[in-house]
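>>> Build me a model:
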Amino acid sequence: MYFAALLARTEDGWEASDTELDDVETLSDLTDLAREASVDEDTVLVYIEQEDAWFGVVRVDGEEDPRIYVSDASAAARSSYGEILLTDEMLGREPGAEDEIAALEELVDLDGTEDGEPERSAPAPVDPDEDGSDPDAVPAGPIGELGVLADLGMSEKELLTLQTDALSEIRPLYTSPSPRDRPGPRMRSSASKKNKEM
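Numbering: from 1, shown residues only. This next block holds a predicted model:
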């Protein structure tokens, strides 16, 4: 089960909305979705969470490249939306390497037989490196830009301590005025005033 939300900064604070990711297939699609929600090219946060497994935050500031944080890369790599967030650059891979391998696999008959020949038994798997580590393995744990929310009031350390359901912890960042909008003392939100009146 996935949950996704767009958080767009406006003159009056932050506007939050649930969003569907059905048409999102790439990071570019996700970035375009965020830019469409932007008001005057201001900051937009895209929050994606897979229940009890991982969450990701994509920050889009105008036309700048998106900034990404994923709470658990290995868990995210097992989901279609997580794969979108885990860029080659984040994983320390050559850009496009997976695309080249896929293209070569389509061109070559990988079992080594010609059409009509009986298939031979597959050779035993070989470790990619002698130390047994796989250079294409996705690391467990957090990955990406730890400071993605720092200027909004969430330190790197706080971000690292978040588990699943992180939106409940991130929510105060966008329900209160942003740091740039705080020239004077903070005021209570209208929602908290209504709750006290009831």
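
>>> where does the chain have low pLDDT?
The model of the chain has pLDDT under 70 over residues 96-136, 164-165, 167-198.

>>> all strands for the protein, in order.
With DSSP state E applied, the chain shows strands at 2-10, 13-18, 43-50, 54-61, 67-70, 143-144, listed in chain order.

>>> tell me the contacts of Asp23?
With contact set as C-beta atoms under 8 Å, 6 or more residues apart in numbering, Asp23 has these partners: Asp29. Using the backbone N, CA and C atoms, a C-beta is placed for each residue, glycine as well.

>>> Next one: it from Phe3, what distance?
Shown here: Asp23 relative to Phe3, a distance of 17 Å by C-beta to C-beta, to the nearest Å.

>>> Glu15 - how many residues pack around it?
A count of nearby residues for Glu15, using other C-beta atoms under 10 Å, gives 14.

>>> Let me know which of the strands of the chain is the nearest to Glu94.
For the strands of the chain, distance to Glu94 was read as C-beta to C-beta. The smallest value, 17.1 Å, belongs to strand 143-144.

>>> Run through who's touching the closest one.
So strand 143-144 is in contact with 56, 67-70, 73, 85-86, 90-91, going by C-beta under 8 Å, 6+ apart.

>>> redo that, cut-off 6 Å
Contacts to strand 143-144, defined as C-beta atoms under 6 Å, 6 or more residues apart in numbering, come from residues 68-70, 73, 90.

>>> what does stretch 74-85 give?
27, 48, 50, 53-54, 56, 68, 70, 86, 138, 140.

>>> rerun at 7 Å
Contact with stretch 74-85 is made by 2, 21, 24, 26-27, 30, 48, 50, 53-54, 56, 58, 68, 70, 86, 138-140, as judged by C-beta atoms under 7 Å, 6 or more residues apart in numbering.

>>> Contacts only, for the closest residue to Leu85 other than its chain neighbours.
Ranked by C-beta to C-beta, 6 or more residues apart in numbering and with sequence neighbours excluded, the top spatial neighbour of Leu85 is Gly56, at 4.7 Å. Residues in contact with Gly56 (C-beta under 7 Å, 6+ apart) are 48, 68-70, 76, 82, 85.
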